[in-house]
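Novice: Build me a model from this:
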Amino acid sequence: MRSTETRWVINETDANLELMSKVLGISKTMAHVMACRGIRTKSTALQFLNPALDKLHDTMTMKGAINAINRIKKAIPNEKITVYGDYDVDGIMSTVIMYKCLAALGANCSYYIPHRVEEGYGMNLNAVEKLARDGTGLILAVDNGISSVSEVNAAAAHGVDVVIIDHHEPAYAYEGDTKLDILPAAAAIVDPKQSECSYPFKENCAAGLSFKLATALYENIGVPFDLRDELLVFAAIASLCDIVILQNENRTLVSEGLKILNENKLINPGLGSLITLRGYLEKPIDAFSVGFVIGPCLNATGRLESASLAVELLLADRDDIKKRLDLSHKLEELNENRKKLTSDCVERALSLLEEDLPKIIVLIDNEAHESVVGIVAGRVRESTCRPTILLTQGDGAMKGSGRSIEAYNMFEALYAHRHLFTRFGGHTMAAGLTLPEENIAPLREALNQDCTLEEADFRPNLRIDCELSANEINLELAYELARLAPFGKGNDEPIFVSYSLYAESVRVLDEKNTLIFNFNKDGSRIKGIAFGLNKHFHEVVNKAGRRANGGFHMDVVYAVEVNVWNNVTEVQVRVKDFKIAECEASFPA
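Specialist: Okay, here's the model as predicted:
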């Protein structure tokens, strides 16, 4: 039913690696890795290896930025400003960035985040009317708003202006062969994905855009931006959790934000409390710990209760220790509940799959909590390598989320059938939608009928940077490769392959789902570790008729890393995949 065989694809490049190595003072292996990521000139390489905030593009060249800053400046002394956010980490961080920025400038400001279940994503008419009654003169919509045409019109009817800071795709229509954006009549729209925006980088998350606009606002007003480092940390966390491409500006924001956070884990009191509770006060914080330890706790508030809890934590006063501790414990508790809901839903979703999978999977699970359907759709996508949409019963309609694969633009595929939806939004790899139940079958049929994906698109690929010989795996290389971090979408962790490594011994720790290898080839001894591959390992060695404790040759795909244990620093490989090598000649003495 599921495609489990992974194809190993070794990246190739025609770059002059000798010249790159000489000019940049790096190894040929490092040059190969960088070239495979499109980094082939001296200027782009130096910018990549030495990210700096002063090298960011000029925010004021972004379409709508000047109008946004002018409208916000006008509102600060005269009007109430409400930051209208979203309930995921990007929406939470965007809200906190703009709220703290405005409050420090003396604005009369508040924030509003819609309830995921009761109100759904984005601006809604009831909220707009409530904010107008409460005296709001300017709504600052962050991480939403680009599709809120009727809501912005309703705000205007109540005398309320809207400034939009969003990174989602605008709706569009064709006039002849010309593609035209369908945009709300807002006072200003800052979204690089507008077709008429000439800004050179289009892939910021909303918090990244909010940080840049906040910086530009302070520069325009001419006051010191004392909050810069703290707000940069928020932008970095959001960029990692929203899984935006880690190139160009995003790489700079994340690199510099993580550097600041590791220098001062308590730069924000509320975040510091959560970091302490999660056991990372004395540990380095990297992309993994943000994406899988800190971020999910922030995200869980918007999934199961209200994202306002996370905003409250990040706005908590340094002296209010009890509030910070209580909120941190609450976030951790909600995340544990979210894990259980997700696990149960994944199990049900996988059981719904047919033996003969369609190209586009559309599942219904009315037991699913709508807050986790996106996560579950992603897990099904990972299991099947097929674009997946999971729907559940919402308030009078079916609500769901979709997660895609690289070969399939989910936004465009769904947008072609937008007449079936009552609400819809998203981007290439993910989407959220609401539709009547009777429209599910037509949607499923239309998506599969339109789909031009081939079977090869559904086979998982493991992209490998290059082959290494055993004697090339050393500490010097591990330290050099670490300069490419942080890793994530668009800047994957470098991985390599070595053939016919002799596994002298293998410790199988099934209770920890961990494997510990001692490899040897041509006298080079290498330590290795693998997480979560025990089942695969047992299947491979049983099929090959080998003993699980070692004594066989393996083809191994791995990352190279520095390992420190008991004050000993050494290189190790973190194994990603393996095969029993066809070569089984006896190991030379």
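Novice: Just the strands from the stretch 251-400 of the chain, written as ranges.
Specialist: Counting by DSSP state E, counting those that start in this stretch, residue ranges of the strands within the stretch 251-400 of the chain are 361-364, 388-393, 398-403.
Novice: I'd say A446 and H417 touch.
Specialist: Yes: counting by Cβ atoms under 8 Å, H417 is a contact partner of A446 at 5.2 Å. No exception for glycine: its C-beta is placed from N, CA and C like everyone else's.
Novice: ok, A188 - contacts?
Specialist: If a contact means Cβ atoms under 8 Å, 6 or more residues apart in numbering, then A188 has 64-65, 67-68, 70-71, 163-164 as its contacts.
Novice: Could you check how far it is from I139?
Specialist: Summarising the geometry, the distance separating A188 from I139, computed by Cβ to Cβ, to the nearest Å, is 12 Å.
Novice: Can you check which residues contact both of these two?
Specialist: Taking Cβ under 8 Å, 6+ apart as the contact criterion, the common neighbours of A188 and I139 are V163.
Novice: Strands of the stretch 451-589 of the chain, residue ranges please.
Specialist: Secondary structure of the stretch 451-589 of the chain (DSSP E, counting those that start in this stretch): strands located at 461-464, 466-467, 496-509, 514-521, 524-531, 552-565, 568-580.
Novice: Surely R525 and F519 touch.
Specialist: Yes: with contact defined as Cβ under 8 Å, R525 reaches F519; the gap is 7.1 Å.
Novice: C-terminal to the helix or strand where K73 lies, what's the next element?
Specialist: For K73, the host element (DSSP states H and E) is helix 65-75. Read in the C-terminal direction, the helix or strand following helix 65-75 is strand 80-84, with elements assigned using DSSP H and E.
Novice: So for that following strand, mean pLDDT?
Specialist: Mean per-residue pLDDT for strand 80-84: 98.
Novice: from the chain's centre, how far out does that strand sit?
Specialist: With Cα atoms, centre = their mean, to the nearest Å as the basis, the distance from the averaged C-alpha position of strand 80-84 to the chain average is 27 Å.
Novice: what does stretch 317-334 give?
Specialist: Put simply, stretch 317-334 sits 25 Å off its chain's centre (Cα atoms, centre = their mean).
Novice: Now do it, average pLDDT.
Specialist: Confidence for stretch 317-334, expressed as mean pLDDT, is 97.
Novice: got the buried residues for that stretch?
Specialist: Residues of stretch 317-334 classed as buried: 323-324, 327-328, 330-331, 334 (neighbour count, 16 or more other Cβ atoms under 10 Å).
Novice: just checking, which of those belong to helices?
Specialist: 323-324, 327-328, 330-331, 334 (DSSP state H).
Novice: Tell me how far A310 lies from L327.
Specialist: In this structure, A310 and L327 are 8 Å apart, going by Cβ to Cβ.
Novice: Quick check: the residue nearest the centre of the chain vs N16, distance?
Specialist: With the centre of the chain defined as its mean C-alpha position, the nearest residue by Cα atoms, centre = their mean is I243, 1.5 Å away. Noted for I243: a distance of 33 Å to N16, by Cβ to Cβ.
Novice: just to revisit the earlier point, can you tell me which of the buried residues of stretch 317-334 is closest to H538?
Specialist: Minimum distance to H538 across these is 35.7 Å, recorded for L334 (Cβ to Cβ).
Novice: In contact with the closest one, which residues?
Specialist: The contact partners of L334, taken as Cβ under 8 Å, 6+ apart, are 297, 300-301, 303-305, 309.
Novice: And the buried ones among those, selectable in ChimeraX?
Specialist: This is the ChimeraX syntax for the buried subset of the contacts of L334, where burial follows 16+ other Cβ under 10 Å:
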select :297,300,301,303,304,305,309
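Novice: circling back to that earlier point, so which of the strands of the stretch 251-400 of the chain gets nearest A52?
Specialist: Comparison of the strands of the stretch 251-400 of the chain against A52 by Cβ to Cβ identifies strand 398-403 as nearest, at 34.1 Å.
Novice: Output the contacting helices and strands for the closest one.
Specialist: In this structure, strand 398-403 makes packing contacts with helix 373-384, strand 388-393, helix 410-415, strand 430-435, judged by 3 or more Cβ pairs under 8 Å, 6 or more residues apart in numbering; DSSP states H and E.
Novice: deepest of these, which one?
Specialist: Highest mean neighbour count among the helices and strands packed on strand 398-403 (mean count of other Cβ atoms under 10 Å): strand 388-393, with a mean of 24.
Novice: residues making contact with that strand?
Specialist: When contacts are defined by Cβ under 8 Å, 6+ apart, strand 388-393 is touched by residues 349, 360-370, 373-374, 376-378, 380-381, 398-403, 431, 433, 435, 440.
Novice: my read: A548 touches N534, true?
Specialist: No: between A548 and N534 no contact is recorded; they are 9.7 Å apart, counting by Cβ under 8 Å.
Novice: Low-confidence stretches in the stretch 201-350 of the chain?
Specialist: Counting by pLDDT under 70, the stretch 201-350 of the chain contains no low-confidence segment.
Novice: Just the helices from it, written as ranges.
Specialist: 206-221, 228-241, 248-263, 269-277, 287-289, 295-304, 308-315, 321-351 (DSSP state H, counting those that start in this stretch).
Novice: Make TSV out of those helices and add distance to C385.
Specialist: Conversion of the helices of the stretch 201-350 of the chain to TSV gives the following (distance: least, Cβ to Cβ, whole Å):
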stretch	distance to C385
helix 206-221	29
helix 228-241	24
helix 248-263	26
helix 269-277	34
helix 287-289	23
helix 295-304	24
helix 308-315	33
helix 321-351	14
